[in-house]
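Student: No letters, just coordinates:
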């Protein structure tokens, strides 16, 4: 009897714990990312979600937040920029993979701006340490011909790279790897479009993602043309012993996730998977359009929702939910989502501050001991071009380079929003946990004058010197 009571008590405590976890999660609505939201990937690591998406430019940006809801307003930090003519342009479909104390960031890039699509190749970066936001160095090109949507997974102790390549139709391919940046075999085709639901607008299999549970391995992929509302997800199950052999995979005859006209969701696809912070829930992240006439472009937004598992051990991805529908965030999250940030100087430990909490145009921006005041809090608002504006919470005005000067020493101040490049900034990873704040018009960075540690020391723009007076930490508040 005592043992039974202890078992029941343990079960009750677990149920209460899970209930509290579910209740504490911050609610959210889709989209998780409204600008440049295509081809999303989320990794959860050390208390934060990390989100990367297609940029259509030569950079990769990453958002970080302790809650799924917080990703909607989190700063987009630039972690990489194309560094060579062979991989300069139109970066697509970045994904993260962690191994051996490093993050590996896989992506697709073209060789020129005007005719990039035929030259798209797969590349991989390696982080300096364990911070998903880098910094990164270039590691390798992973194929010599056209290939999209790289994804890496371990199956039966072996590492594999999956992608989408052209062979008359657009097919799924796979290769074994000897490490995260080196192929051990050539690529073999494991799936081609065969069903009518895979050929709407074009015969396409792409966006392969491995999903594993209970000793079973599934490959969820995107089918049909991404420019159609019938872009959707299909499923392969590994039923043989060799992931490089098409005969080892069994294709489900029907789609597993597709348009939901009644909810206004069209073309859902190119997904990723992640697990809730407490490990109890399975989640899918994907992109979709909110109109049947939208295409394969920047109009696609990042969305997420929980999914379940069928009694036979297969995933049940459910039906795409409508934009704006309230959802409970993943279990184990904090109860609130941060929407504002402080910027703390690495050298002084002091905060970016509007002097005297002024609301006037031209008020000086300085550093000051962090005190929780609204004049030290900033909303960081994505402008859709890999830049952001920094809006002061106290005044509603934005960080601005005085007179659009390009000179070293030009003052940083607040001003009404004029929608010019002097008021747009990029955040570039410099070292683990720190960024430089780069003005879009001048290319110069936010700098504490003379590396002062004093309250009220001026913050100005200056050429990048790679010192700690020019590095800032973005802290959610």
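Tutor: Noted; the coordinates are in hand. Bear in mind that the values here come from a model prediction, so they are computed numbers and not experimental data. Numbering: from 1, shown residues only.

Student: Let me see the contact set for the closest residue to residue 344 other than its chain neighbours.
Tutor: Take residue 344 and drop its neighbours on the chain: the residue closest to it by C-beta to C-beta, 6 or more residues apart in numbering is residue 473, 4.6 Å away. The way it works is simple: take the backbone N, C-alpha and C, and place the C-beta from them, glycine included. Residues near residue 473 by C-beta atoms under 8 Å, 6 or more residues apart in numbering: 343, 344, 346, 433, 434, 435.

Student: Per the annotation, how does this protein divide into domains?
Tutor: Domain ranges of the chain: 26-328, 341-476, per automatic domain parsing.

Student: sorry, back to before: separate out the buried members of the contacts of residue 473.
Tutor: With burial judged by 16 or more other C-beta atoms under 10 Å, the buried subset of these is 343, 344, 346, 434, 435.

Student: closest to residue 387 among those?
Tutor: Nearest to residue 387 out of the buried ones among the contacts of residue 473 is residue 435 (C-beta to C-beta; 13.3 Å).

Student: Now do the helix or strand containing that closest one: distance to the chain's middle.
Tutor: Residue 435 is located in strand 434-439, with elements delineated by DSSP states H and E. In this view, strand 434-439 has its centroid 19 Å away from the chain centroid, taken as C-alpha atoms, centre = their mean, to the nearest Å.

Student: Could you list every helix and strand in contact with that strand?
Tutor: Applying 3 or more C-beta pairs under 8 Å, 6 or more residues apart in numbering; DSSP states H and E, one finds that strand 434-439 contacts strand 425-431, strand 445-448, strand 472-476.

Student: Quick one: list the elements packing against the second one.
Tutor: Counting contacts by 3+ C-beta pairs under 8 Å, 6+ apart, strand 445-448 packs against strand 434-439, strand 459-462.

Student: Would you reformat those as JSON lines and include mean pLDDT and distance to residue 169?
Tutor: Listed next are these as JSON lines, based on pLDDT from 0 to 100; distance: least, C-beta to C-beta, whole Å:
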{"stretch": "strand 434-439", "mean pLDDT": "98", "distance to residue 169": "43"}
{"stretch": "strand 459-462", "mean pLDDT": "98", "distance to residue 169": "52"}
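
Student: Bridged to the nearest residue to residue 376 once chain neighbours are set aside, which residues?
Tutor: Among residues not flanking residue 376 along the chain, residue 351 sits closest, at 4.4 Å (C-beta to C-beta, 6+ apart). With DSSP bridges as the criterion, residue 351 is bridged to residue 344, residue 368.

Student: Quick check, pLDDT for residue 351.
Tutor: pLDDT, the model's per-residue confidence, is 98 for residue 351.

Student: now do residue 115
Tutor: So, for residue 115, pLDDT stands at 73.

Student: where exactly do the helices run in the chain?
Tutor: Listed in chain order, the helices found in the chain under DSSP state H are 2-24.

Student: Okay, now the unreliable bits of it?
Tutor: Of all residues in the chain, those with pLDDT under 70 make up the ranges 1-24.

Student: Apply 80 and report the result again.
Tutor: The chain contains residues with pLDDT under 80 at 1-24, 112-116.

Student: Give the bridge partners for the nearest residue to residue 378 once chain neighbours are set aside, please.
Tutor: Sequence neighbours aside, residue 390 is the residue nearest to residue 378 in space, at 4.7 Å (criterion: C-beta to C-beta, 6+ apart). Beta-bridge partners for residue 390, by DSSP bridges, are residue 380.

Student: Just the buried residues of stretch 280-296, please?
Tutor: For stretch 280-296, a neighbour-count test (16+ other C-beta under 10 Å) marks 281, 282, 283, 284, 285, 286, 287, 288, 289, 290, 294, 296 as buried.

Student: To clarify, my last question referred to stretch 382-390.
Tutor: Buried residues in stretch 382-390, counting neighbours by 16+ other C-beta under 10 Å, are found at 382, 383, 386, 387, 388, 389, 390.

Student: quick check, nearest of those residues to residue 185?
Tutor: Nearest to residue 185 among the buried residues of stretch 382-390 is residue 386, at 36.2 Å by C-beta to C-beta.

Student: Quick one: residues contacting the residue nearest to residue 387 when sequence neighbours are not counted.
Tutor: In space, and not counting its chain neighbours, residue 387 is closest to residue 424: 3.9 Å by C-beta to C-beta, 6+ apart. When contacts are counted by C-beta under 8 Å, 6+ apart, residue 424 is found next to 383, 385, 387, 388, 389, 439, 440, 441.

Student: wait, which of those is closest to residue 151?
Tutor: residue 385 (27.5 Å).

Student: can you put the contacts of residue 424 in JSON lines and add distance to residue 110?
Tutor: Converted to JSON lines, those look like this (distance: C-beta to C-beta, whole Å):
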{"residue": "383", "distance to residue 110": "24"}
{"residue": "385", "distance to residue 110": "19"}
{"residue": "387", "distance to residue 110": "22"}
{"residue": "388", "distance to residue 110": "25"}
{"residue": "389", "distance to residue 110": "29"}
{"residue": "439", "distance to residue 110": "28"}
{"residue": "440", "distance to residue 110": "23"}
{"residue": "441", "distance to residue 110": "27"}
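
Student: which one among the residues you listed gets closest to residue 195?
Tutor: Using C-beta to C-beta, residue 385 is the member of these that lies nearest residue 195, at 39.1 Å.

Student: Tell me how far that closest one lies from residue 231.
Tutor: 25 Å (C-beta to C-beta, to the nearest Å).

Student: With residue 125 instead?
Tutor: Distance of residue 125 to residue 231, given as C-beta to C-beta: 28 Å.
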